[in-house]
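> sharing a model that was predicted from the sequence below.
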Amino acid sequence: MTDADLPLPAGLADIFLLAHEQSPLMVALFDAQDVLTYANKAFRQAYVIAPDGRLTWADMMRDNHAHGRGAAIETDDIDAWLAAVTSRRGKTPYRAFEADLCDGRWIWMTETTQLQGSMLCVASDISDLRQSGRALRQAHVKALAAAQTDPLTGLSNRRHGMQLLRTSLSQSEHWPICIAALDLDFFKQINDSLGHGAGDLVICDFARLLQAGSRREDGCARIGGEEFLLILPAAGLPQAQAIVERLLARVRLSRPLANEPARGYSCSAGLAQAIWGEKAEALLKRADAALYQAKAAGRDQVLIADAEQ
Ligand SMILES: Nc1nc2c(ncn2[C@@H]2O[C@H](COP(=O)(O)OP(=O)(O)OP(=O)(O)O)[C@@H](O)[C@H]2O)c(=O)[nH]1
């Protein structure tokens, strides 16, 4: 008998909901936009969630951080923290990790993600388990996160970006896959005329726009000084082109420098659709070639790579 043949008892949804409502397991479902669509009682209590209202995962974390309740978030900069966690959240079909709650509980959180769909979060209280080795495990998790994150923007660094791309290419349900190689235009002029600090602000602004415009399953990485990689699983060229055009339009309107309110910037992009069997490096090379054509053609535009190099 296959799974599809399994006869499901009538009223199963109600039984499931009731069982979840009474369970000490923390259970929640987020939709593709990361809006909370369901949370059982244990989850609502753990993360101190009001019973109504549209709440995204980021809203929930911001609220928890601001009020010192729910998830224990150790940071002075919640935006940087959210950017860094977002670069790991929902990028793989399943992940599990330890987390602390402000009420002193220690939980084992699992996230099961459907591509372009919902994310099921189930956590159990593991405070009573042996604590030995916990500090070491936490140090390991922190070191791993630091090794994957670009410190200036909180996006994935080059190594993690390429790792995400390799993982995507190896998962058939991610196909078609497009990537965009992105590079800020005349960035040296910003550094030279306004200083390195202003340049860094522009880089961070671009990183924020890149991440804000992308879906949960997309990968965003800073792969060089002012070069970025956007990985778009389950997106063909027309959809990917529309996403990148939208990003370029937002960048064009952005004015990130408080001391130079009229100063904008722009970005060029090379877009490539993965060919079955193609290596990550070869795909990036094709996207890069299209990016340089976009620069040569006048910048502030997206060009599509040839299928063959
Ligand atoms: N502020 C800042 N500047 C950086 C960083 N990394 C690289 N850069 C600068 O980025 C500039 C890149 O300059 P170029 O490669 O000449 O490119 P460009 O001026 O953007 O010109 P095009 O790419 O041809 O449009 C150099 O001046 C680097 O010093 C960084 O982390 N912060």
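That came through fine. Residues are numbered from 1 along each chain as shown.

> now name the helix or strand holding residue 140.
Assigned by DSSP states H and E, residue 140 falls within helix 134-148.

> following that helix, which helix or strand shows up next?
Following helix 134-148 in sequence order, the next helix or strand is helix 158-169 (DSSP H and E).

> what comes up buried for that next one?
By neighbour count on 16 or more other CB atoms under 10 Å, the buried set for helix 158-169 is 160-165, 167-169. Heads up, the C-betas are built off the backbone N, CA and C, glycines and all.

> repeat that for stretch 289-308.
Buried residues in stretch 289-308, defined by neighbour count with 16+ other CB under 10 Å: 289-291, 293-295, 300-305.

> what are the ranges of the strands in this protein?
In the chain, the segments counted as strands under DSSP state E are 26-30, 36-39, 94-100, 106-113, 119-125, 178-184, 219-222, 227-232, 267-273, 302-304.

> residue in the stretch 1-150 of the chain with the shortest distance to the ligand?
Per CB to the nearest ligand atom, residue 150 is where the stretch 1-150 of the chain lies closest to the ligand, at 9.2 Å.

> coming back round to it: the buried residues of stretch 289-308: which ones sit near the ligand?
Contacts with the ligand within those, as defined by CB under 6 Å from any ligand atom: residue 295.

> got the end-to-end distance for stretch 126-136?
16 Å (CA to CA, to the nearest Å).

> quick check: which ranges of the stretch 101-250 of the chain have low pLDDT?
130 (pLDDT under 70).

> flag every residue of it that's near the ligand.
By the rule CB under 6 Å from any ligand atom, the part of the stretch 101-250 of the chain lying against the ligand is 152, 183-188, 191, 196, 199-200, 203, 225-226.

> now the helix holding residue 140: buried residues?
Residues of helix 134-148 classed as buried by neighbour count (16+ other CB under 10 Å): residue 148.

> which outside residues touch that helix?
84, 87-88, 97-98, 106, 156-157, 159-160, 163 (CB atoms under 8 Å, 6 or more residues apart in numbering).

> most surrounded residue in the residues you listed?
Comparing the contacts of helix 134-148 by number of neighbours (other CB atoms under 10 Å), residue 156 comes first, having 28 neighbours.

> which ones are touching residue 211?
By CB under 8 Å, 6+ apart, the contact set of residue 211 is 83, 86-87, 155, 220.

> could you measure from it over to the ligand?
Distance, residue 211 to the ligand, by CB to the nearest ligand atom, to the nearest Å: 17 Å.

> now do residue 281
Taking CB to the nearest ligand atom, one finds residue 281 at 21 Å from the ligand.
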